[in-house]
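**Q** Okay, here's the prediction I keep looking at, along with the sequence it came from:
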Amino acid sequence: MKKLFIFFSIFFLYTTYIYAIPTDKDILRLEKDIANLKKELEFSKNNIVRESFLNNTEFFGKLHFEFLHSNNKGNNNYLLTGSNGVEDFDNIKVKNLKFGIKQQLSMESVFNFTLKLSNYGMKVDSIYLDYKLSPEITASIGQIYIPLSMENEDNGNSYQLTDTTKYYNIGNFLFDNGIGLKIKYINDNFGIFSGVYGNAYNDDIDRINKNIFSFKTYFNPYKEENDVIHVGANYLNGVTNHNKERKVPNKSDNNLNLKYDFKQVEHINVDFALNFDWFNLQAEYTKSFLTPAAIDYKEKFGVSNYYIQTSFLLTGETIEYKEGAFGKVRVNNPIDIGGFGAFETAFRFAITDLQDRKSNKIFDYGKYKEFSIAFSWIPTDFLKTTLQYSRIKEHFIDDLTIFANDNKRNNGYDLIYLKCKLFF
C-alpha cells in the first residue's frame with residue numbers, strides 16, 4: 001500500500017510538472033493577449049480623455065453682415081462717420097466675425113479664447129482665464145473685454161438697434177479691451193465688475209501705453225427669471241501716454257481730417273431697463289470727459305449720449321437676462337420643427353452731443369439726433385435678420401464745420417440697414 005501511494009505521488013508530481021511548463025506556443029499566445037489588453041486600455045484611456053475634453057469644451061462664433069444705404073447729401077467730409085458720410089452711399093460688408101472656444105480646465109477654472117476677423121485682418125480679441133474663487137466671486141486674467149454699458153458687445157446681445165451716432169467718429173477713446181485683471185461678484189439680484197487693464201494684445205506699445213480702471217455695478221429691485229427691473233452704473237478712467245507729440249488743429253489749418261487721440265478719458269454711465277414677458281424697455285445716459293493728447297491743449301471737454309429704446313416680441317418670446325445684460329431670444333416655434341420663428345419690432349431715439357463749447361481750438365463734431373425703427377424675424381435661436389430705418393439730424397455751431405457741411409448749419413439724411421446675425 002505504501003509503495004502504491006509513493007507511485008501515485010510521483011506520477012501526480014510528474015504530470016503537474018509536465019503540464020505546468022508552458023510551451024513556446026503558450027508564451028506567444030500569452031504575449032499576444034497582453035498586447036491586445038494594452039491596446040484596449042490605451043484606446044479606452046484615449047476615449048476617456050477625448051470625451052472629457054469634448055464634454056468640457058464649448059465652441060462658438062458670431063457672424064454679422066449687413067447692407068447699408070445712405071442718402072446723405074451733406075457732411076461729405078466725414079464729420080460724423082467714416083462711411084455713412086459719403087453721399088448716396090451703398091455698401092455690403094461683414095461687420096463682425098468671431099470664433100471662440102471655452103475649455104473647462106477644472107471645477108474652478110475656464111480658459112477663454114476668441115479670434116476676430118474684420119476688414120483690417122484677423123486679431124486675438126480675447127484670451128483669458130476665469131477662476132472661481134467662490135460661488136459668487138470670479139477672477140479673470142488676460143486680455144478681457146472692458147464692460148462699458150448694458151449694450152456691451154461681449155454679452156452676446158443680439159437684439160439692439162444700430163446707433164450710428166454714438167461716439168462714432170472721434171476714434172476709439174472708449175477702450176474695447178485690455179490685458180489685465182477683473183473681479184466679478186454676482187448674486188441673485190446684484191452684481192459688481194471691477195478691473196485694471198493695460199495695453200491690448202494688438203496695441204502698438206511703441207506709440208502708446210494705457211492704464212485703465214473700470215467699475216460697473218447693477219442691482220435688480222425685482223427679478224423673476226427674465227422678468228426684471230434693472231438699475232446700473234458704470235465708471236471708467238483711462239490714461240494714455242503717447243510717445244509722439246500732437247497738436248490740436250485750429251481754424252487756420254487747412255486739413256479737415258481732425259480726428260485725434262486722447263491722453264485721458266473719464267466715462268460715466270447710468271442705465272435702466274424693464275423687461276416683462278414680451279416687452280422690453282431700456283435707456284442709458286453716458287457722459288465722457290476727454291483731454292486731447294495734444295501738448296497745447298490742457299482742458300477737458302465733454303461729450304454725451306443718451307437713448308431710449310423699446311422692443312416688442314410679437315410672438316410671445318422674452319429676452320434672456322443674465323449678469324446685468326440682455327442677450328438672446330429663445331424661439332418658441334423655430335422653423336426647424338415646422339414653426340414660423342419669432343417676430344420683433346423695436347423703436348429707438350438717441351441724441352449724441354460732440355460739441356466743444358470751451359475752446360475754438362477743438363473741432364466741432366456736432367450734435368446728432370437719431371430716430372430708428374426696426375423689424376426682425378428670428379427663425380431659430382441662432383439666426384436673426386433685421387430691417388432697420390434711421391433718420392439722422394445733424395447740427396453744427398463752428399464756422400469751419402458749417403463750411404465742411406456745404407455751408408449748412410443743419411443736415412439730415414436717411415439710413416437703411418438690412419442685417420443678418422448668425423450665432424453658432
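**A** Alright, I've got the coordinates.

**Q** how near is the residue lying closest to N241 once chain neighbours are set aside to G238?
**A** Closest residue in space to N241, ignoring its immediate chain neighbours: N209 at 4.5 Å, by Cβ to Cβ, 6 or more residues apart in numbering. (C-beta placed from N, C-alpha, C; glycine too.) According to Cβ to Cβ, to the nearest Å, N209 stands 11 Å off from G238.

**Q** Settle it for me: which of these two has more neighbours?
**A** The residue with more neighbours, out of N209 and G238, is G238; 21 against 15, by other Cβ atoms under 10 Å.

**Q** For E344, give the beta-bridge partners.
**A** Residues in a beta bridge with E344, per DSSP bridges, are L313, S376.

**Q** That one is in contact with V331, isn't it?
**A** No: applying Cβ atoms under 8 Å, one finds E344 not in contact with V331, separated by 10.6 Å.

**Q** any common contacting residues for those two?
**A** Residues touching both E344 and V331 (Cβ atoms under 8 Å, 6 or more residues apart in numbering) are I378.

**Q** host element of R29?
**A** R29 is part of helix 24-55 when elements are defined by DSSP states H and E.

**Q** which stretches of the stretch 201-350 of the chain have low pLDDT?
**A** 206, 243-261, 295-298 (pLDDT under 70).

**Q** the strands in the stretch 151-300 of the chain, which residues?
**A** 177-186, 190-197, 208-224, 227-242, 262-276, 279-292 (DSSP state E, counting those that start in this stretch).

**Q** so can I have CSV of those strands showing distance to Q309?
**A** Formatted as CSV, the strands of the stretch 151-300 of the chain follow (distance: least, Cβ to Cβ, whole Å):
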stretch, distance to Q309
strand 177-186, 25
strand 190-197, 21
strand 208-224, 17
strand 227-242, 13
strand 262-276, 9
strand 279-292, 6
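
**Q** mind listing what the residue nearest to N241 touches?
**A** So N209 contacts 198-199, 240-241, 243 (Cβ under 8 Å, 6+ apart).

**Q** If any of these are buried, give me the PyMOL selection for them.
**A** Applying 16 or more other Cβ atoms under 10 Å to the contacts of N209, the buried members can be selected in PyMOL as follows:
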select buried, resi 199+240
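
**Q** For N199, which non-adjacent residue is spatially closest?
**A** In this structure, N199 finds its nearest non-sequential neighbour in K210, 5.1 Å apart by Cβ to Cβ, 6+ apart.

**Q** Isn't that neighbour up against L236?
**A** No: between K210 and L236 there is no contact under Cβ under 8 Å: 11.7 Å.
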